[in-house]
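# What would the 3D arrangement of this be:
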Amino acid sequence: MVSLANVALCSLSHAENWPQWRGSNRDGISNETGIATRFSNTENVLWRTPLPGPAGATPVIWEDQIFLTSVKDDELLLMSLSTDGDVLWSRDITSGNRDLRVDEGNFASPSPSTDGQHVWALFGNGVLVCHNVKGDEVWRVDLQQRYGKFNIQFGMASTPVLYQDRLYLQLIHTGGAHVIAINKQDGAEVWHQTRESDAHDECEHSYASPQLYHDDQHQLLLSHGADYIVAHRLNDGMEVWRCGGFHPDAGYDPTLRFVASPLATPGMIVVPSAKKGILVSLKPNGRGNITNNSAHYHWRFETTPDVPSPLKVGDYVYLCRENGNLICLEAETGKELYERRTHRQRHRASPIYADGKIYLTARDGHITVVKTGPEFQIVATNDMAEPISASPAVSGGRLYLRSFEALYAIDEQTEDR
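Sure thing, here's the model as predicted:
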């Protein structure tokens, strides 16, 4: 661990946990305040800990412990750090890493999840493990042995959803489309549903992650890929409804594979597609095939983010295009309020919200901070000078950034600690 500030660390006993990809509610929202807006690889850096290799998995945080996956040459690792930046343990989980699409990812792309007692991690070769927070292995499952070989062009990158006593997974690829619930305590299958689709070519592949929708009336698992979003019952995985129609009007695009994941907030499910497809806002109470059934749509929008997942803050939905353009829509109507350019570079990470601001992370390490609301305003533009594809995390008043080279803890109050 390389410390870049000679400071005394504050207590994190009241930190908001960030237990899985996109945070505690899986929506990219943090309720914490005082989060840094201006930083670099030297400015407002509480600490920087080098990592053994690159990956796109988001770090997850529970109180004073951080978990993340990484690679070291051919090995795939699960690691834990303290919130003062010290490596607590590192475990070689499996071998056979592959770099994918040149510099886009590898088999440590899915993000881990934790409940503060255990941590679960899935790797692109199908190995799913559970460790306790001390680093001891509790169980492991080879999903390719259990559900069949993966046939997906750029590797299995979907992150499981952790909810109550289960992990929910989607494995959507050529030759197999499975939605699965696994007991988090022992890795046993709770239920397994084969997911039907008429998709073909690359559209059979999905890099999106499943999502959970729940309100006072509905509890749904949302699987996303192979031309459809499908809502499943949580207790047994049976299909409740499905929605398609995401291809452009010009015709079927055989390369329209889903990467961005759906966003679920009470009363609304925001569903991206890919490339030149559409984005829709759906009601949760459908039955059967609701494709193009206006009674089940809030609205549709004629363009979509290709990789970053949507974000909803208050009355507004935000879409970050792969090129860095930020789109703001009225959540109620889908009316476009603006589309404005930020940093012109690939954006692979999903946007997050904290303390009145949205953080947009570009592949070259530039992070643009934008004020929320109906008018576009850049608050800060920051350069970490290291490649980043992982989404940021927030906990304990800090912004955690995982680059291809290191894990950073960013804290605007560093000089006062």
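# okay but residue 312 is in contact with residue 331, surely?
Yes. Counting by CB atoms under 8 Å, residue 312 does reach residue 331; the two are 5.9 Å apart. C-beta here means a position set from N, CA and C on the backbone, and glycine is covered the same way.
# Show me the common contact partners of those two, please.
Residues touching both residue 312 and residue 331 (CB atoms under 8 Å, 6 or more residues apart in numbering): residue 268.
# residues touching residue 352, list them.
Contacts of residue 352 by CB under 8 Å, 6+ apart are 22-23, 28-30, 311, 358-359, 391-394.
# Of these, which is the nearest to residue 411?
residue 394 (11.1 Å; CB to CB).
# which ones among the contacts of residue 352 are found in helices?
Assigned to helices by DSSP state H, none of the contacts of residue 352 qualify.
# Format those residues as CSV; extra columns: pLDDT.
What follows is these, written out as CSV (pLDDT from 0 to 100):
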residue, pLDDT
22, 97
23, 97
28, 98
29, 98
30, 98
311, 98
358, 98
359, 98
391, 98
392, 98
393, 98
394, 98
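# Is it possible to mark the buried ones in the residues you listed?
22-23, 28-30, 311, 358-359, 391-394 (16 or more other CB atoms under 10 Å).
# Tell me which stretches of the stretch 51-200 of the chain form helices.
With DSSP state H, counting those that start in this stretch as the criterion, the stretch 51-200 of the chain has helices at 143-147.
# any idea how far the nearest residue to residue 246 once chain neighbours are set aside lies from residue 411?
In space, and not counting its chain neighbours, residue 246 is closest to residue 273: 3.6 Å by CB to CB, 6 or more residues apart in numbering. Distance of residue 273 to residue 411, computed by CB to CB, to the nearest Å: 38 Å.
# likewise residue 383?
For residue 383, the distance to residue 411 - CB to CB - is 18 Å.
# Between these two, which is the more surrounded one?
residue 411 (25 against 15; other CB atoms under 10 Å).
# tell me which element the closest residue to the more buried one other than its chain neighbours falls in.
Nearest-residue entry for residue 411: residue 46, 4.3 Å, with adjacent residues in sequence omitted and distances by CB to CB, 6+ apart. Using DSSP states H and E, the element containing residue 46 is strand 45-50.
# other SSEs contacting that strand?
If contacts are counted by 3 or more CB pairs under 8 Å, 6 or more residues apart in numbering; DSSP states H and E, strand 45-50 sits against strand 406-410.
# partners of the strand it packs on, with directions?
Applying DSSP bridges, strand 406-410 is found paired with strand 45-50 (antiparallel), strand 398-402 (antiparallel).
# How about the contacts made by the closest residue to residue 358 other than its chain neighbours?
Spatial nearest neighbour of residue 358, chain neighbours left out: residue 370 (4.7 Å); criterion: CB to CB, 6+ apart. By CB under 8 Å, 6+ apart, the residues touching residue 370 are 326, 342, 357-358, 360, 376-379.
# Out of the residues you listed, grab the one that's most surrounded.
If you count neighbours using other CB under 10 Å, the busiest of the contacts of residue 370 is residue 360, which has 26 neighbours.
# these two touch, right, that residue and residue 344?
No. With contact defined as CB under 8 Å, residue 360 does not count as touching residue 344 (11.8 Å).
# tell me, what's touching these two both at once?
residue 324.
# Strands along the stretch 201-350 of the chain, start to end?
For the stretch 201-350 of the chain, the strands defined by DSSP state E, counting those that start in this stretch occupy 211-214, 219-225, 228-233, 239-243, 263-265, 268-271, 279-282, 288-289, 297-301, 311-313, 316-320, 326-330, 336-340.
# between these, which one is nearest to residue 406?
Short answer: strand 316-320, nearest of those by CB to CB, at 23.7 Å.
# for this structure, which spans come out with low pLDDT?
Counting by pLDDT under 70, the chain has low-confidence residues at 1-14, 101-102, 413-417.
# one step back: residue 124 is nearest to which of the strands of the stretch 201-350 of the chain?
Going by CB to CB, the one of these nearest residue 124 is strand 219-225, 15.8 Å.
# starting at the chain centroid, how far to that closest one?
Centroid separation for strand 219-225 versus its chain: 15 Å, with CA atoms, centre = their mean, to the nearest Å.
# and it, what other elements does it pack with?
Strand 219-225 sits against strand 166-173, strand 176-183, strand 211-214, strand 228-233, with contacts defined as 3+ CB pairs under 8 Å, 6+ apart.
# how deep is residue 231 tucked in, by neighbour count?
24.
# give me the beta-bridge partners of it?
Applying DSSP bridges, one finds that residue 231 bridges with residue 222, residue 241.
# Residue 407 too?
Beta-bridge partners, per DSSP bridges, of residue 407: residue 49, residue 402.
# That one - how many residues pack around it?
24.
# Verify the stated contact: it with residue 51.
Yes. Using CB under 8 Å, residue 407 makes contact with residue 51 at a distance of 6.0 Å.
# Please enumerate the shared neighbours of those two.
residue 68.
# The nearest residue to residue 56 once chain neighbours are set aside in helix, strand or coil?
Spatially, and ignoring its direct neighbours in sequence, residue 56 is nearest to residue 389 (3.9 Å; CB to CB, 6+ apart). Three-state secondary structure (criterion: DSSP: H, G, I helix; E, B strand; the rest coil) places residue 389 in coil.
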